[in-house]
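Asks: based on what follows, work out the 3D shape:
(chains A and B)
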Number of protein chains: 2
Amino acid sequence: MRTLTVELGSRSYPIHIGSGLYARPDLVAPYLAGRGTAIVTNATVGALYLPRVRTLLGATVRTEVTLPDGEQHKTLATVERIVGELLAARCDRNTLLVALGGGVVGDIGGFVAACYQRGIDFLQLPTTLLAQVDSSVGGKTGVNHVLGKNMIGAFHQPRAVIIDTDTLRTLPEREFRAGLAEVIKYGLIRDAEFFDWCERHLSGLLARDADALAFAIERSCRNKAEIVALDERESGLRALLNFGHTFGHAVEAGVGYGEWLHGEAVAAGMVAAAELSCRLGWLKREEYERVERVLAAAGLPTRLPAALEPARMRALMAVDKKAAAGRVRFVLLRGIGDAVVTADVPDGQLDRTLAACRAGG
Amino acid sequence: MRTLTVELGSRSYPIHIGSGLYARPDLVAPYLAGRGTAIVTNATVGALYLPRVRTLLGATVRTEVTLPDGEQHKTLATVERIVGELLAARCDRNTLLVALGGGVVGDIGGFVAACYQRGIDFLQLPTTLLAQVDSSVGGKTGVNHVLGKNMIGAFHQPRAVIIDTDTLRTLPEREFRAGLAEVIKYGLIRDAEFFDWCERHLSGLLARDADALAFAIERSCRNKAEIVALDERESGLRALLNFGHTFGHAVEAGVGYGEWLHGEAVAAGMVAAAELSCRLGWLKREEYERVERVLAAAGLPTRLPAALEPARMRALMAVDKKAAAGRVRFVLLRGIGDAVVTADVPDGQLDRTLAACRAGG
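Replies: Residues are numbered from 1 along each chain as shown, chains lettered A, B, ... in the order given. So this is what the prediction gives:
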């Protein structure tokens, strides 16, 4: 088992990574003394892993809430439903919420924990690669509004994150590859050595080699944890984590949420960001090619959807919540492992990038 | 104008109290530089004060959301609606939300500010006596769930609170008196000198004498601010603020929300808590009589509703969120201005208190 700590003063918490961790009661014991627990999961994950988590938590379990699958349920209506189940089970302020599932379950479970009786403790048990390396670290929780993703939420840190890598054995191939996009992102924005490692070990990762996965997850979490520790409330540095996301969010919104997986949109977005970085003279063309090559080898899209013309992409990017004072901010590369944030991108260069990166373009 | 500061480190904020403050652009100027504002109010308050607040905020106003009157709208559905209006008006993370109204507007406006894009700044402009001395201080925000009041919420501090005492001129008499219950509460729990002052100046308060009101509001806010500064997250000391509330919440729930005003239920609850304190030998009978006398003179109820039998009251109190590990906690008096929290109340004494304090009992 590998363990790292996210350093956030009184809100610091450990991330445990390894095989068979759902059979390790010692990992959860520190959080269970004298309190009840409420498990929030979804139908697919619950069918696979709820029995072992139930055993892990034993007699503390007061209620289990199983959500239907899918991002379309990441709404305030679902928050209301979960709160109702917690109240019906007499959960009090001392209750520990346990979020067992992927990003949707983590986001909504974490948000319920942030809001239930103005805040209760929670544990994250992320079961997808994306959630393990991204949404379970950093305390971002929330739900969607019909007018925008993640528009309602809170920063609420878990007491601990337990990543049982065994859960990746049942993860569908497409979701697994989408998770790899975020893994590769950490190398690109601040860890050139890790990017090199990803290039060299991509086949092992794709074969879901247990040791390679544990290393990649730990290194990803460590990178994210370092950034979050320096910038818990996303005032500056943390924006680097959005590398590929300004384009990616526009793609997700433009093709309709759920058509592209988040990691797929981010992959194409990272290629676009790398292209824009080249056009601004910041990134060498051969570095751009390494970015594109490793993502393609991971089976991820490297082109923006043909259906999204540059003008449409620009409009979609403008409504993204990262737009500060009317200017769209981009995370760009000055080299592999060296990202910066800028709003200073000429419209012409952006349009040419969008055209060049469009599928069939 | 009187100004005090709620000391919360980096989240410290000023409370300005006085007449004509909605005509003081200098008070809001520090919060308006380079950003838009969104006003949240309700129909009654908006009709009276929205024009001046609109003038106060000038060209910064991006949108105005007017809620229907009433606690029944303090729901997640209303949160969803407000968020939709903010998104439609292109409000970003830098937007300042301005909550203009009583406790409901403050609670829901503050909660939207806590959650909108994971948190934006807000100003509180409380327009009822209750909101001015209670809900605008301390950062508690939230909405109701069908199974319980204030069950979904957050701690989110305003950037500033501006109390224009002119708004009290239009406050209905019953609401005004309900607000006085909370004013008197501060004297009872920690400020004997202020309780004496309330006894002596009750007629001036009831006549809504401007100087008396400004003094009472400042002193109340100062008492609450001191408690909150010492215990922002309600782990201990802050529980004293719930004096009268364990009984009061049960009354509100038992007779149906909206039948009794919050302050009315708290008034009867404070008398019950004082009675229980006497029965446990903590409070002198003549002190109890001062408590009952001043609340009666303020035109507030001093008896629990006849409809609520002791057994029913006990059941209602047990579901209150203050119940820790199954034990109902009470705030009791050891004297005027000296409150303590205890869960150590024999059932027999509680039942006798409930019977003695019941109207017609």
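
Asks: check contacts around A:Gly102.
Replies: The neighbourhood of A:Gly102, defined by Cβ atoms under 8 Å, 6 or more residues apart in numbering or on different chains, consists of A:42, A:45, A:126-128, A:130-131, A:135, A:175. Quick note: C-beta positions are derived from backbone N, CA and C, even for glycine.

Asks: same thing with A:Ala192?
Replies: A:335-338.

Asks: for A:Arg177, helix, strand, or coil?
Replies: Three-state assignment for A:Arg177 (DSSP: H, G, I helix; E, B strand; the rest coil): helix.

Asks: shouldn't it be in contact with A:Val266?
Replies: No: when contacts are counted by Cβ atoms under 8 Å, A:Arg177 is not listed as touching A:Val266 (11.6 Å).

Asks: who's more crowded, the two?
Replies: Higher neighbour count among A:Arg177 and A:Val266: A:Val266, with 31 against 22, using other Cβ atoms under 10 Å in any protein chain shown.

Asks: let me see the backbone angles for that one.
Replies: Here is the backbone geometry of A:Val266 (degrees, to the nearest 10): phi -70, psi -40.

Asks: before we move on, what about A:Arg290?
Replies: Listed backbone geometry of A:Arg290 is phi -60, psi -40, with angles given as degrees, to the nearest 10.

Asks: which residue ranges of the stretch 201-350 of chain A form strands?
Replies: A:330-335, A:338-342 (DSSP state E, counting those that start in this stretch).

Asks: deepest-packed of those strands, please.
Replies: Most buried of these, by mean neighbour count (mean count of other Cβ atoms under 10 Å in any protein chain shown): strand A:330-335, with a mean of 21.

Asks: partner strands of that strand and their direction?
Replies: Strand A:330-335 has the following strand partners under DSSP bridges: strand A:338-342 (antiparallel).

Asks: how far off centre is the strand it pairs with?
Replies: 20 Å (Cα atoms, centre = their mean, to the nearest Å).

Asks: circling back to that earlier point, among the contacts of A:Gly102, which lie within helices?
Replies: With helices taken from DSSP state H, the overlap with those comprises A:45, A:130, A:175.

Asks: picking up where we left off before, want to try JSON lines for the strands of the stretch 201-350 of chain A, with distance to B:Tyr49 as columns?
Replies: As requested, the strands of the stretch 201-350 of chain A are arranged in JSON lines below (distance: least, Cβ to Cβ, whole Å):
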{"stretch": "strand A:330-335", "distance to B:Tyr49": "43"}
{"stretch": "strand A:338-342", "distance to B:Tyr49": "41"}
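
Asks: may I see these organised as TSV, with mean pLDDT added?
Replies: Below are these laid out as TSV (pLDDT from 0 to 100):
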stretch	mean pLDDT
strand A:330-335	96
strand A:338-342	94
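
Asks: what's the closest of these to B:Ala273?
Replies: Among these, the nearest to B:Ala273 by Cβ to Cβ is strand A:338-342 (55.0 Å).

Asks: dump that closest one to CSV, keeping only the CA atoms.
Replies: These are the backbone C-alpha positions of strand A:338-342, laid out as CSV (Å, rounded to 0.1, in the frame of the first residue of the first chain):
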residue,chain,number,x,y,z
ASP,A,338,5.9,23.5,-17.6
ALA,A,339,2.4,25.1,-17.8
VAL,A,340,1.3,28.7,-17.4
VAL,A,341,-2.1,30.5,-17.3
THR,A,342,-2.8,33.3,-19.7
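
Asks: hmm, who's touching that strand?
Replies: For strand A:338-342, using Cβ under 8 Å, 6+ apart, the contacting residues are A:188-190, A:192, A:236, A:239-240, A:243, A:329-334.
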